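> the following comprises the amino acid sequence and a computationally predicted model.
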Amino acid sequence: MKTRRDVLRDSAALAVSCALPAALIGSALAQPQDEIARQLDVPYVPTPMTVVDAMLDLAKVTKSDVVYDLGCGDGRIVVRAATRFGCRGVGVDLNPERVKEAKANAIRANVAELARFEVGDVFDFDFSGATVVTMYLLPSVNLKLRPRLQKELKPGTRLVSHDFHMDDWKAETVRDVGRSRIYLWTIR
Ligand SMILES: C[S@@+](CC[C@H](N)C(=O)[O-])C[C@H]1O[C@@H](n2cnc3c(N)ncnc32)[C@H](O)[C@@H]1O
């Protein structure tokens, strides 16, 4: 049986190899493409809430943190961090539909004053204000972001990735949560 990790890899590989419009690729990539600035680098596959909580625990999030989720989807990680810990958070996603959902979810959870969501590209986005960064992207995207993460994040910032590692940047902790694997690095 395919794991979420396989679904994410397969749909991304299909998108790249076929260079088809996202709408033709299947449900995981069925986005209103005309509203998106360019082809998504990663399809939308939400992190299960048990894994969201494990990611926040692994990063030891507290009220004084600022949690950035790069490719935030429906905003669940930032909204959950604000709800559980009362901390601020920022989510960015290339897909305006996702950002709309994220804002609505923050309002529904009564944390709209703590959670900010923006339409944007992770490759241009200023994430230097983060003290915790979460990502559920793809290995190639992680590696493309890695030089900026290492250069622009402040020392002490914790970085947690769902399912995908960073090649020879060895994670300090790796934890399995159900069918997911989560990785933690701290910026030095
Ligand atoms: C696998 S989903 C993860 C969603 C959320 N972080 C979670 O864990 O539930 C990846 C998200 O990245 C977004 N995305 C893809 N390419 C992006 C890019 N270049 N910049 C910003 N967001 C992007 C997609 O729209 C999608 O919502």
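Right, received. Where do you want to start? Keep in mind it's a predicted model, so treat the numbers as computed, not measured. Numbering: from 1, shown residues only.
> which ones are touching residue 146?
166-167, 169 (CB atoms under 8 Å, 6 or more residues apart in numbering). The way it works is simple: take the backbone N, C-alpha and C, and place the C-beta from them, glycine included.
> stretch 36-46 - what's its average pLDDT?
Averaged across stretch 36-46, pLDDT comes to 95.
> got the phi and psi for residue 96?
Main-chain dihedrals, residue 96, degrees, to the nearest 10: phi -60, psi -30.
> again, but for the one 5 residues further on
Note on residue 101: backbone dihedrals following degrees, to the nearest 10 are phi -60, psi -40.
> neighbours of it, how many?
By other CB atoms under 10 Å, 19 other residues sit near residue 101.
> look up how far the ligand lies from it.
Separation of residue 101 from the ligand (CB to the nearest ligand atom, to the nearest Å) stands at 10 Å.
> my read: that residue touches residue 79, true?
No. Counting by CB atoms under 8 Å, residue 101 sits too far from residue 79 to count as a contact (10.4 Å).
> show me what stretch 165-179 is in contact with.
3-5, 48, 50-51, 54, 58, 139, 142-143, 146, 150, 161, 181-186.
> wait, does that stretch contact the ligand?
No. Contact of stretch 165-179 with the ligand (CB under 6 Å from any ligand atom) is absent, the minimum separation being 12.7 Å.
> using neighbour counts, pick out the buried residues of that stretch.
For stretch 165-179, the neighbour count (16 or more other CB atoms under 10 Å) marks 165-166, 171, 175, 177 as buried.
> widest-spaced pair of those?
166 and 177 (18.5 Å; CB to CB).
> contact partners for the residue nearest the centre of the chain?
Centroid-nearest residue in the chain: residue 135, 3.3 Å away (criterion: CA atoms, centre = their mean). Taking CB under 8 Å, 6+ apart, we find residue 135 in contact with 69-71, 142, 145, 159-162, 164.
> by neighbours, which of these wins?
Neighbour max across the contacts of residue 135 (other CB under 10 Å) = residue 69, 33 neighbours.
> hmm, who's touching stretch 149-160?
Contacts of stretch 149-160 (CB under 8 Å, 6+ apart): 55, 58-60, 126-128, 130-135, 169, 182-188.
> what comes up buried for it?
Here stretch 149-160 shows 149, 153, 157-160 as buried, counting by 16+ other CB under 10 Å.
> from the contacts of stretch 149-160, list just the buried residues.
55, 58-59, 127, 130-135, 182-185, 187.
> quick one: the contacts of residue 146 as JSON lines, columns for distance to residue 36 too.
JSON lines is the format used below for the contacts of residue 146 (distance: CB to CB, whole Å):
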{"residue": "166", "distance to residue 36": "26"}
{"residue": "167", "distance to residue 36": "28"}
{"residue": "169", "distance to residue 36": "30"}
